[in-house]
Every structure is written in structure tokens, then in C-alpha cells.
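Participant: Pasting the sequence and the predicted model now:
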Amino acid sequence: MSVEPRAEPGPAPAYDTANIFARILRGELPAHKIYEDDKAVAFLDIMPRAAGHALVIPKAAARNLLDITPDDLAHVARVAQKVAKAAKAAFAADGITLQQFSEAAGGQEVFHLHFHVIPRHAGIAMKPPASVMETPEILADHAARLRAALAG
């Protein structure tokens, strides 16, 4: 059996300033924000896979894990940990699923680096991705619970 050599990958596409997360950062689209500092923002996923599903993104224009600076990545990871601890407490979760996808072949759909922080309960499966849009009232309640947990 012969294996054809793969072509060398080309450069990654440029960062798209019109992506949905860039638009949220600029205030062009609404979001249920739960955390913000000078380098990162966390907000709720409008199609959550579980109650309290949040997204943590850098303010830097980073397409994904492959092009963010190490310092910005470290900061986003610290924020993701902070959000995970708050989500575990706010939703009495048994655990947390943390997901990050880079490039289309890796499952990435929005090309701005983001981490999914998903509270989990033993024996309860996550909803399929992008399957159910949550109501604004429930998202507002979940955001309030997370903000309260983050405040300590």
C-alpha cells in the first residue's frame, strides 16, 4: 500500500474582522456578558449544549489557538478557569467540559479563538451542537447566576 505525500499546508487565512465574535467585541451584536477585563470577555452561548454554557474569547484579533500570542493565550486560559469554577458552583455541576477547536478540519466554525466552558452533570448528555436556541429570559437568568458566582 502506498501513501501519497500530502502537500505542505499553506498559510492560514487572515483574521476576518466581520466574524460574529469580533462584532460582539465591537458592540455591534448583543451578548449576555458574564465577565470582561482588558484582554478577555466571557458570554453565554445562545445555543447552549447545557445550562450555563459560556464562551471565553480574547479581545486580541486571534483566529485560533495557532496564532494567538502565548501571553494572550495564558490570560484567556486563566479566565476560562475562573468561569469554569463559577459555572460549577452556579449550576451545581459535577464537572466541566472545556472545548476549543482550531481550523475547519479541527471543528472550528467561528474563526476567532474561543473556549467553550460547559457545566456538566453526571449521567446527562450534552445537547447536540447548535441544536436549540435558548430563550433570552433563560439566558439572562443564567448570566445573572454566573455573574453572581464570579463576584464571589
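Facilitator: That came in fine, so what should we check first?
Participant: For this protein, which segments count as helices?
Facilitator: Ranges of helices within the chain are 20-25, 70-90, 136-151, based on DSSP state H.
Participant: pLDDT weak spots in the protein?
Facilitator: Within the chain, the stretches with pLDDT under 70 are 1-10.
Participant: Can you tell me the closest non-neighbouring residue to the one residue sitting closest to the centre of it?
Facilitator: Geometric centre of the chain, nearest residue: residue 55, 2.7 Å, by Cα atoms, centre = their mean. Using Cβ to Cβ, 6 or more residues apart in numbering and skipping residues adjacent in sequence, the residue nearest residue 55 is residue 114, 4.9 Å away. The C-beta positions use only the backbone N, C-alpha and C, and glycine is treated the same way.
Participant: And for residue 60?
Facilitator: Nearest to residue 60 is residue 72, by Cβ to Cβ, 6+ apart, at 4.7 Å.
Participant: Could you dump the helices of the chain into CSV with mean neighbour count and distance to residue 12 added?
Facilitator: Formatted as CSV, these follow (neighbours: other Cβ atoms under 10 Å; distance: least, Cβ to Cβ, whole Å):
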stretch, mean neighbour count, distance to residue 12
helix 20-25, 18, 16
helix 70-90, 18, 16
helix 136-151, 16, 32
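Participant: Nothing else from me, thank you.
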